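K.L.:
have a look at this prediction, sequence included:
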Amino acid sequence: QEQEQAGGGGGGGGAGGRPRYGAEAPAALPKPKLNPEPIVDAKGDSESKEVMDQRNQMRIALARKMKKDLLANKERRLAEQHLRQIDELDAKLKEVELLREENRRKEEELSQLVQMQQNARVRALGGDAKY
């Protein structure tokens, strides 16, 4: 038991399946600080107002650039979507035009067949077909 508590001995883990203290584990990287501490110059003074203002301006400029990029991407996506919709409408319009032309042709054929049947009836009745 003393060996296990001290980190020695065989076996891969302690209670609860956790690795023993002292067992080799990957080193954890330090977490980055969100608000870094002010840089101290050689005199021991904290950052000057100019440096802090410059840093703030750089943050603002970066935020503007990121917002501009997001808006540009959104506008590009909307434009592409608009073009796709126009293409779909064009395809539907062509389909409707083809169907209309096909229907017109069928109506014309039927009209000709009706005319021929009427002419045949007139001839069968012994009259003169003027058509």
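P.N.:
Alright, I've got the coordinates.

K.L.:
where do the helices sit along this protein?
P.N.:
Applying DSSP state H to the chain gives helices spanning 2-6, 49-124.

K.L.:
give me the low-pLDDT residue ranges for the protein?
P.N.:
Along the chain, segments meeting pLDDT under 70 span 1-47, 127-131.

K.L.:
please redo it, this time with the cut-off set to 90
P.N.:
1-50, 122-131 (pLDDT under 90).

K.L.:
circling back: would CSV of the helices of the chain with mean neighbour count be doable?
P.N.:
Where C-beta positions appear, they are placed from N, C-alpha and C, glycine not excepted. Listed next are those as CSV, based on neighbours: other Cβ atoms under 10 Å:
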stretch, mean neighbour count
helix 2-6, 11
helix 49-124, 10
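
K.L.:
quick one, what contacts Leu93?
P.N.:
With Cβ atoms under 8 Å, 6 or more residues apart in numbering as the criterion, no residue contacts Leu93.

K.L.:
how about Met116?
P.N.:
Not one residue lies near Met116 by Cβ under 8 Å, 6+ apart.

K.L.:
relative to Leu70, how far out is it?
P.N.:
As judged by Cβ to Cβ, to the nearest Å, Met116 and Leu70 stand 69 Å apart.

K.L.:
also Ile86?
P.N.:
Separation of Ile86 from Leu70 (Cβ to Cβ) stands at 25 Å.

K.L.:
same check, this time on Lys49
P.N.:
31 Å.

K.L.:
cool, Leu125 as well?
P.N.:
Look at Leu125 and Leu70: by Cβ to Cβ, they are 82 Å apart.

K.L.:
please apply the same query to Ala61.
P.N.:
As judged by Cβ to Cβ, Ala61 and Leu70 stand 15 Å apart.
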